[in-house]
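# for reference, the sequence and a predicted model appear below.
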Amino acid sequence: MFRRTLPVLAAAVAFAAAGSAAPASAADGGSGPGARVLDVMSFNIHHAQGTDGVLDVERIARVVRGSGADVVGLQEVDHHYSARSEWADQSAELAEALGYHVVFGANIDNAPPAGGEHRVQYGTAILSRYPITASDNTWLFRSPGQEQRGLLHATIDVHGKKVEFYDTHLSASSQTDRLRQTDQVVDLIGARKPGILVGDFNALPSAPESQPLQKAYSDAWARSPHPRGDGATHPSEAPTARIDVVYTTGGVIPLVTRVVGSDPAASDHLPLLSKVLVGP
């Protein structure tokens with residue numbers, strides 16, 4: 001299996017996190033000492049360009065802030081990528097706006113333009129209310145002519161409990177690549193628990209390429225006792241496809257999962273938010 005692990009290019013940039021949640025207990029939804037309740041989100045932000053054509057990083061921050069998410073996996077994030085996003089470091093801007101820690105994983109990584117100071121990068125990012133203590137980004141299988149994709153991993157310290165969080169964005173146009181990529185994701189995550197995987201999988205949960213994930217993990221939407229709506233996230237203004245998914249490994253129990261529809265124009269995807277219980 002093709003594997004290449006890259007250093008995360010904006011490793012654990014920390015901002016003072018305000019209003020961190022307290023540990024869960026039996027009285028407030030936990031299952032016992034050491035349990036934690038986390039709100040986790042997957043959000044394809046389309047480089048912060050909304051369906052109205054407006055580039056607005058702060059609008060993305062408002063959606064995240066309003067949801068109350070503790071940890072967010074972002075896809076389609078620009079990092080000094082081009083004029084389309086004003087050459088901004090979008091993950092750093094979002095982290096600063098929210099007061100969160102952040103790591104960025106570059107899946108497209110090109111030399112700076114003539115006279116430029118920054119590499120031209122595009123990929124995924126993880127925002128966390130809690131400290132990120134380690135991180136790495138692994139490139140996934142790519143056939144010729146396809147865009148490079150990756151699996152971004154962060155170890156998060158939630159009041160002393162280590163949680164492994166993963167974020168990915170699978171191939172948009174090649175089922176062959178997605179079949180290889182999902183097998184690789186399962187291999188990379190392995191037995192590390194407790195763990196949470198989020199992403200834009202560009203395939204329905206019933207698709208052949210989704211089956212390695214469906215067999216290895218719990219689909220938070222399907223496993224939540226009372227999921228709201230049908231879980232569709234794309235296209236944002238009239239969603240019909242459930243391609244943005246939260247998966248959990250052993251020791252993590254989905255409690256409530258919902259699509260966040262507070263601002264459908266913010267991106268071409270709606271975010272998916274899941275409240276999960278991380279056991280002791």
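Sure thing, it's come through.
# use CA for all of it now, contacts and neighbours both
Noted.
# what helix or strand is the most centrally placed residue in the chain on?
For the chain, the residue sitting closest to the mean C-alpha position, by C-alpha atoms, centre = their mean, is residue 73 at 1.8 Å. Assigned by DSSP states H and E, residue 73 belongs to strand 71-79.
# now the helix or strand that that strand is followed by against strand 71-79, angle please.
Using DSSP H and E, the helix or strand that directly follows strand 71-79 along the chain is helix 90-98. Using axes from the mean of the first three to the mean of the last three C-alpha atoms, to 10 degrees, the inter-axis angle of helix 90-98 relative to strand 71-79 is 130 degrees.
# what about helix 90-98, average pLDDT?
Regarding helix 90-98, the rounded mean pLDDT is 98.
# now swap in stretch 212-222 and tell me
pLDDT averaged over stretch 212-222 gives 97.
# what's the end-to-end length of that stretch?
Taking C-alpha to C-alpha, to the nearest Å, stretch 212-222 runs 16 Å from one end to the other.
# which outside residues touch it?
Contact with stretch 212-222 is made by 182-183, 186, 205, 227, 231, 245-250, 254, 257-258, 274, as judged by C-alpha atoms under 8 Å, 6 or more residues apart in numbering.
# write the PyMOL selection for whichever of those residues are buried.
Per 16 or more other C-alpha atoms under 10 Å, the buried members of the contacts of stretch 212-222 correspond to this PyMOL selection:
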select buried, resi 182+183+205+227+231+245+246+247+248+249+250+254+257+258+274
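# strands - which of the contacts of stretch 212-222 land there?
245-248, 254, 257-258, 274 (DSSP state E).
# so how far is the helix or strand harbouring residue 124 from its chain's centroid?
Assigned by DSSP H and E, residue 124 belongs to strand 120-128. From the chain centre to the centre of strand 120-128 is a distance of 9 Å (C-alpha atoms, centre = their mean, to the nearest Å).
# helices or strands next to that strand in the packing?
strand 71-79, helix 90-98, strand 101-110, strand 150-158, strand 161-169 (3 or more C-alpha pairs under 8 Å, 6 or more residues apart in numbering; DSSP states H and E).
# for the last one, the distance to its chain's centre please.
How far strand 161-169 lies from its chain's middle: 8 Å, per C-alpha atoms, centre = their mean.
# strands paired with it, and their directions?
Strand 161-169 has its sheet partners listed here by DSSP bridges as strand 150-158 (antiparallel), strand 195-200 (parallel).
# to residue 34, which of the ones you listed lies closest?
Closest to residue 34 of the strands paired with strand 161-169, according to C-alpha to C-alpha: strand 150-158, at 10.1 Å.
# what is the mean pLDDT for the closest one?
On average, strand 150-158 scores 98.
# next, the contact list for residue 182, please.
Residue 182 makes contact with 209-210, 212-213 under the criterion C-alpha under 8 Å, 6+ apart.
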